[in-house]
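In: sequence and computational prediction follow.
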Protein chains: 2
Amino acid sequence: MSPIHISIVGVGKIVRDQHLPAIAKNSDYTLIAAASRHGVVDGIDNFKSIEAMLEAVPAIDAVSLCMPPQFRYAAARTALEAGKHVFLEKPPGATLSEVADLQALADKKGLSLFASWHSRYAPAVEAAKAFLASTKINDVKVIWKEDVRHWHPNQDWIWAAGGLGVFDPGINALSIVTHILPNPLFITSATLEFPENRDAPIAASIVFSDANNLPVSAEFDWRQTGHQSWDIVAETDAGMMVLSEGGAKLSIDGKLVHDEPEQEYPALYARFAEIVKAKKSDVDLAPLRHVADAFMLGRRKFVDAFFD
Amino acid sequence: MSPIHISIVGVGKIVRDQHLPAIAKNSDYTLIAAASRHGVVDGIDNFKSIEAMLEAVPAIDAVSLCMPPQFRYAAARTALEAGKHVFLEKPPGATLSEVADLQALADKKGLSLFASWHSRYAPAVEAAKAFLASTKINDVKVIWKEDVRHWHPNQDWIWAAGGLGVFDPGINALSIVTHILPNPLFITSATLEFPENRDAPIAASIVFSDANNLPVSAEFDWRQTGHQSWDIVAETDAGMMVLSEGGAKLSIDGKLVHDEPEQEYPALYARFAEIVKAKKSDVDLAPLRHVADAFMLGRRKFVDAFFD
């Protein structure tokens, strides 16, 4: 099979840091064009809009959509209508309903739609899942605390309504827990802390359960300075499991069993090539559904204004 | 087929006003028990909990769950685990994820789960759907404005986080528009007005679109005194369609074409008997998904405190 002619829309930091290197080293792809209002990718044709790009470069097979989620639906629909496979950065859209609509269109057109959840491809995630399947889980705590000023400096879109706030990193944790736990979760209560000058939460505290009343809690906080925490801790009959550093490191009962550098975006692009070849889609809405549920069910609390 | 032995859980105003009369006049049902913390149904066995009822009355085939949505999941799971069909009052649950979980359990057990949307059974809804399918729609406005003090006096659960506030009636409008419009909708922006002393919105203003960029807007307001509005107005190439009084009355291009008394709950129970006999479920999550999307995407605005 000849390489997938791929293009990128929305050239920002995540594209330069992750997408371009991952595509460059995967022989399943040739990057042939990019579209972005501001950014450019050196050495290929660049356009100001996806419409202009698709019209000028008919050889494009697939597009990777990396703009903020509020603008993803229209671009995805344009790409699917033009017969292109679509890779959606996370979260896959601004609403559950628009992603369901895109899925229906992709199915109708026989195209692949990929809702990418990069954290599921962290090195120790599969080992954690296998361990949890082998024992009885008694309690799960998710601690996702980072410094928003360091990771998202002056990114106003992330604070706008629909920008998700602390759920932008938090959805990474949700993409892991929904993948490694044996039963589907659902939220029973939540508190969302909104800075009084912002339309998205800076912190969230969530209580989940499942069919067997497993207690699962999550603490998301964007005000953490110093040590950054991206941990999932499970108390089990076989000891305490700690999946830390966003899924890179796994220890069980005090013993480090996995510690590898992450290769998430290379794994995402390998998966996308796989589903394009297999002519199928991969769109798990569970992480975004939990976020929507948290906003619907959660109590709102107002906290100090946030300034970058 | 012998009648379905049905029981009711959560005996409140809606049960007395709607469920009991609808069940009484449908020969597909025999009401044999009820469970409720406070209410009782005369002439049948009454229990304090669903567990006590299911244990004492093994002949129960189906349960109708009418407690507030925050308490519905556990009862539904208990009923399904005990092999009973389940009728869920609207909204079907406090979160999308828990309803998805119940659906998976019902499928596994070969039982019928019914997410009831009573407004879809209003007399003129099917005629409105048929009309809209016959023409080009240019614009849709949903106006759902009622007096919460009249319709929900002192119902604190409706104002609690997860109680949905004005979306409790608004979801009725959403259940109609998602049924009568030709394409799936998705929300592009929303503003939710929260009384400063309450955890649920008293008003919401929502903008939707669809794959063809149809402009659809909805105004939900619980502060309407005097005339109460439950209208869906569509501008079409065949004139203006007004579906009013919650779906009871339809006029097209100024001509009244439908005006009948509502029979929603009798129609719901007819539908439930039909799916029980056909051994299938009927769970459309689209109305609740739009509510969750509105909470996730919507901007929050604070307004005057509300007191009953």
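Out: On my side now, so go ahead. Numbers count the residues shown, from 1 in each chain, chains lettered A, B, ... in the order given.
In: what's the distance between residue A:34 and chain B?
Out: 26 Å (Cβ to the nearest Cβ, to the nearest Å). Any C-beta I mention is one placed from the backbone N, CA and C, and that applies to glycine too.
In: pretty sure that residue sits against residue A:9.
Out: Yes. Here residue A:34 reaches residue A:9: they are 7.3 Å apart, a contact under Cβ atoms under 8 Å.
In: so for these two, which residues contact both of them?
Out: Between them, residue A:34 and residue A:9 have residue A:53 as joint contacts when contacts are counted by Cβ atoms under 8 Å, 6 or more residues apart in numbering or on different chains.
In: can you give me the strands for the stretch 51-200 of chain A?
Out: When assigned using DSSP state E, counting those that start in this stretch, the strands of the stretch 51-200 of chain A occupy the ranges A:62-65, A:85-88, A:113-115, A:137-145, A:185-195.
In: against which helices or strands is the second one packed?
Out: Contacts defined by 3 or more Cβ pairs under 8 Å, 6 or more residues apart in numbering or on different chains; DSSP states H and E place strand A:85-88 against strand A:62-65, helix A:72-81, helix A:96-109, strand A:113-115, helix A:264-277.
In: now render the ones you listed as CSV, adding mean neighbour count and distance to chain B.
Out: Supplementary listing: those in CSV, determined by neighbours: other Cβ atoms under 10 Å in any protein chain shown; distance: least, Cβ to the nearest Cβ, whole Å:
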stretch, mean neighbour count, distance to chain B
strand A:62-65, 25, 16
helix A:72-81, 21, 7
helix A:96-109, 20, 4
strand A:113-115, 24, 15
helix A:264-277, 19, 23
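In: distance from the helix or strand bottoming out on mean pLDDT in chain A to the middle of the chain?
Out: Every helix and strand of chain A was ranked by mean pLDDT, DSSP states H and E. The lowest is helix A:13-14, at a mean of 90. A distance of 14 Å separates the centroid of the chain from that of helix A:13-14, by Cα atoms, centre = their mean, to the nearest Å.
In: that one: what's the following helix or strand?
Out: Using DSSP states H and E, the helix or strand that follows helix A:13-14 towards the C-terminus is helix A:20-24.
In: give me the nearest residue to residue A:245, chain neighbours excluded.
Out: Leaving aside its sequence neighbours, residue A:245 sits nearest to residue A:230 (Cβ to Cβ, 6 or more residues apart in numbering or on different chains; 6.0 Å).
In: distance of that neighbour relative to chain B?
Out: If you go by Cβ to the nearest Cβ, the gap between residue A:230 and chain B works out to 22 Å.
In: Three-state assignment for that residue, please.
Out: Following DSSP: H, G, I helix; E, B strand; the rest coil, the label given to residue A:230 is strand.
In: that one contacts residue A:249, correct?
Out: No. In this structure, residue A:230 sits apart from residue A:249 without contact. The criterion is Cβ under 8 Å, and the distance is 9.8 Å.
In: next, the distance between the ends of stretch A:149-162.
Out: Distance across stretch A:149-162, first residue to last, is 19 Å (Cα to Cα, to the nearest Å).
In: what mean pLDDT would you report for it?
Out: Model confidence over stretch A:149-162, given as mean pLDDT, is 90.
In: give me the contacts around it.
Out: Here stretch A:149-162 has contacts from A:68-70, A:94, A:163-165, A:168-169, A:198-200, A:306, A:308, B:189-190, B:296-300, using Cβ under 8 Å, 6+ apart.
In: go again using 7 Å as the cut-off
Out: Applying Cβ atoms under 7 Å, 6 or more residues apart in numbering or on different chains, the set of residues contacting stretch A:149-162 from outside is A:68, A:70, A:94, A:163, A:165, A:168, A:198-200, A:308, B:297-299.
In: need the per-residue pLDDT for the closest residue to residue A:105 other than its chain neighbours.
Out: Counting by Cβ to Cβ, 6+ apart, residue A:80 is the residue found nearest to residue A:105 once chain neighbours are left out, at 5.0 Å. At residue A:80 the predicted local distance difference test score is 98.
In: go ahead and confirm residue A:80 touches residue A:103.
Out: No. Taking contact to mean Cβ atoms under 7 Å, the distance of 9.9 Å between residue A:80 and residue A:103 leaves them out of contact.
In: next, the buried residues of the helix or strand where residue A:205 lies.
Out: Using DSSP H and E, residue A:205 sits in strand A:203-210. When neighbours are counted by 16 or more other Cβ atoms under 10 Å in any protein chain shown, the buried residues of strand A:203-210 are found to be A:203, A:204, A:205, A:206, A:208, A:209, A:210.
In: what does stretch A:252-268 give?
Out: Of the residues in stretch A:252-268, those scored as buried under the neighbour-count criterion (16+ other Cβ under 10 Å) are A:252, A:258, A:262, A:264, A:265, A:266, A:267, A:268.
In: got TSV for those residues, with pLDDT and distance to residue B:185 too?
Out: Shown next, in TSV, are those (pLDDT from 0 to 100; distance: Cβ to Cβ, whole Å):
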residue	pLDDT	distance to residue B:185
A:252	98	47
A:258	90	44
A:262	87	38
A:264	95	34
A:265	97	33
A:266	97	37
A:267	96	35
A:268	97	30
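In: residue A:176 and residue A:118 touch, don't they?
Out: No. Applying Cβ under 7 Å, one finds residue A:176 not in contact with residue A:118, separated by 10.3 Å.
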